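> Model the structure of this input:
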Amino acid sequence: MTREPGLSARLKLTLSYAGFVMLAGGLLLATVWVFLLRYVPEVIDNARMTEPGGSGLPVMFVPNRSDLLRAFAPRAAVVLTLLLVFGLVGGWFLAGRMLAPLTRITYATRVAAGGSLSHRIRLEGREDEFRELSDAFDSMLAKLESQVAEQQRFAANASHELRTPLAISQALLDVARKDPTRIRKDLIERLHTVNTRAIDLTEALLLLSRGDRGTDIREHVDLSLLAEEAAETLLPLAEKRQITLEVTGGAAPVIGSAELLLRMVTNLVQNAIVHNLPTGGVVTVHTGTRPAGVSVLQVANTGRPLPPELLPTLTEPFQRGTERVRTDEHAGAGLGLAIVHSVVRAHDGMLELVPGPDGGLEVTVMLPVAQ
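Got it, this is the predicted structure:
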């Protein structure tokens, strides 16, 4: 797409300033004409204004309109020329001063377009439109840099996590090919476990990507019903670990995707069960609404105390509590809370993580209530 050449913003402002100065000068001259010169007679008989006694010498000379115009017009032209030069020079200087912030913003835009998101404008001075634009641009760059860094970490972690089960499967198959006498049942069982983990991880990655893209599904969903369904599904896991699972509260109507919201609730309850005391732990799920027009889902569990600095990292992909890898049967992919966070953002909600007073974690999901 070709663009036609045009005047720069600085030149346009310069011409505008000069034109304004010339207009002001023209209005001033027009004012002199309207309120002064038009009242001067066109012809004045200076012969009648002589000294008495017949000497013939005039008492005073009174210029007529033509005399004033001949004396005034050249000087007015000189003044207008000076005003034009002053307007152009002063306008060029003032336009440059005013557009200097735009030059810095343009440079920062080109740097960001080149792939460097760490550059910031940091415009000094008082608050004005350019300062507001600069601060908004810096905030946008900071958010983009954070998102790009997060995506790069996610891609690196995802490739690592997916490569591990594939490498294990290849190793098992190589061993089976080299040792035909190996027990096939044991080999098949191990391959099944590894492939199941790879499939679960792939599904979790797809679900996380879907949550990041948002959802166009808008249906009425009650979080209390989803909490009961998730608790019923995970009750055998809780009983196996000797953990008490309680669901309390009332209706919490929201609008969104029932599938994504059910996965969110299930992930929260499952994490609360898995990351708990070895035996005798408790998981409580509470739903309800708040006066501010918010539906709330709270999932709290017992467990080991969590350091406050760990909380911001729990919603990052492939973070697994206080350890990077778990060795039990619920190792997971480290995407549980990352998926929860993604689903909450897709439904314009807020996620709050608070360490329990005696250990464990309390997770609060706040979503707009369905009217």
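> helices and strands of this structure: which one has the lowest mean pLDDT?
Ranking every helix and strand in the chain by mean pLDDT, DSSP states H and E puts helix 184-213 at the bottom, with a mean of 70.
> Determine how far the helix or strand just after that one lies from the middle of the whole chain.
Sequence order places strand 219-222 as the next helix or strand after helix 184-213, per DSSP states H and E. On the basis of Cα atoms, centre = their mean, to the nearest Å, strand 219-222 is displaced by 28 Å from the centre of the chain it belongs to.
> Does anything pack onto strand 219-222? Which helices or strands?
Applying 3 or more Cβ pairs under 8 Å, 6 or more residues apart in numbering; DSSP states H and E, one finds that strand 219-222 contacts strand 253-256, helix 258-274. Where C-beta positions appear, they are placed from N, C-alpha and C, glycine not excepted.
> Of all the ones you listed, which one comes closest to Arg197?
Arg197 lies closest, by Cβ to Cβ, to one member of the helices and strands packed on strand 219-222: helix 258-274, at 15.1 Å.
> name the helices or strands packed onto that closest one?
Counting contacts by 3+ Cβ pairs under 8 Å, 6+ apart, helix 258-274 packs against helix 184-213, strand 219-222, helix 223-240, strand 282-290, strand 294-301, helix 336-346, strand 361-368.
> Turn the ones you listed into CSV, columns for mean neighbour count and distance to Ala176.
Listed next are the helices and strands packed on helix 258-274 as CSV, based on neighbours: other Cβ atoms under 10 Å; distance: least, Cβ to Cβ, whole Å:
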stretch, mean neighbour count, distance to Ala176
helix 184-213, 15, 5
strand 219-222, 16, 47
helix 223-240, 17, 32
strand 282-290, 19, 41
strand 294-301, 22, 42
helix 336-346, 23, 33
strand 361-368, 21, 42
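> if we can go back for a sec, mean neighbour count, the helices and strands packed on strand 219-222: which tops it?
With neighbours defined as mean count of other Cβ atoms under 10 Å, these peak in mean count at helix 258-274, which reaches a mean of 23.
> now the angle from that helix to strand 282-290?
Inter-element angle recorded for helix 258-274 and strand 282-290: 140 degrees (by axes from the mean of the first three to the mean of the last three Cα atoms, to 10 degrees).
> Taking strand 294-301 as reference, get the angle to helix 258-274.
30 degrees.
> Leu297 is in contact with Thr289, correct?
No: using Cβ atoms under 8 Å, Thr289 makes no contact with Leu297, being 10.7 Å away.
> so which of the helices and strands packed on strand 219-222 comes closest to Val247?
Closest to Val247 of the helices and strands packed on strand 219-222 is helix 258-274 (Cβ to Cβ; 9.0 Å).
> what's the angle between the closest one and strand 361-368?
160 degrees.
> and the angle from helix 258-274 to helix 336-346?
Orientation note: helix 258-274 sits at an angle of 150 degrees relative to helix 336-346 (the same axes, to 10 degrees).
> so Arg304, which of the three states?
Of the three states, Arg304 takes coil under DSSP: H, G, I helix; E, B strand; the rest coil.
> That one and Asn276, how far apart?
9 Å (Cβ to Cβ, to the nearest Å).
> related to what we said a few turns ago, redo the helices and strands packed on strand 219-222 as JSON lines? Include distance to Asp222 and mean pLDDT.
Output for those, formatted as JSON lines (distance: least, Cβ to Cβ, whole Å; pLDDT from 0 to 100):
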{"stretch": "strand 253-256", "distance to Asp222": "5", "mean pLDDT": "92"}
{"stretch": "helix 258-274", "distance to Asp222": "9", "mean pLDDT": "89"}
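> Those into a markdown table, with extra columns for distance to His220?
Putting those into a markdown table (distance: least, Cβ to Cβ, whole Å) gives the following:
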| stretch | distance to His220 |
| --- | --- |
| strand 253-256 | 6 |
| helix 258-274 | 9 |
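> looking at the ones you listed, which is closest to Val89?
Val89 sits nearest to strand 253-256 of all these, at 61.8 Å, using Cβ to Cβ.
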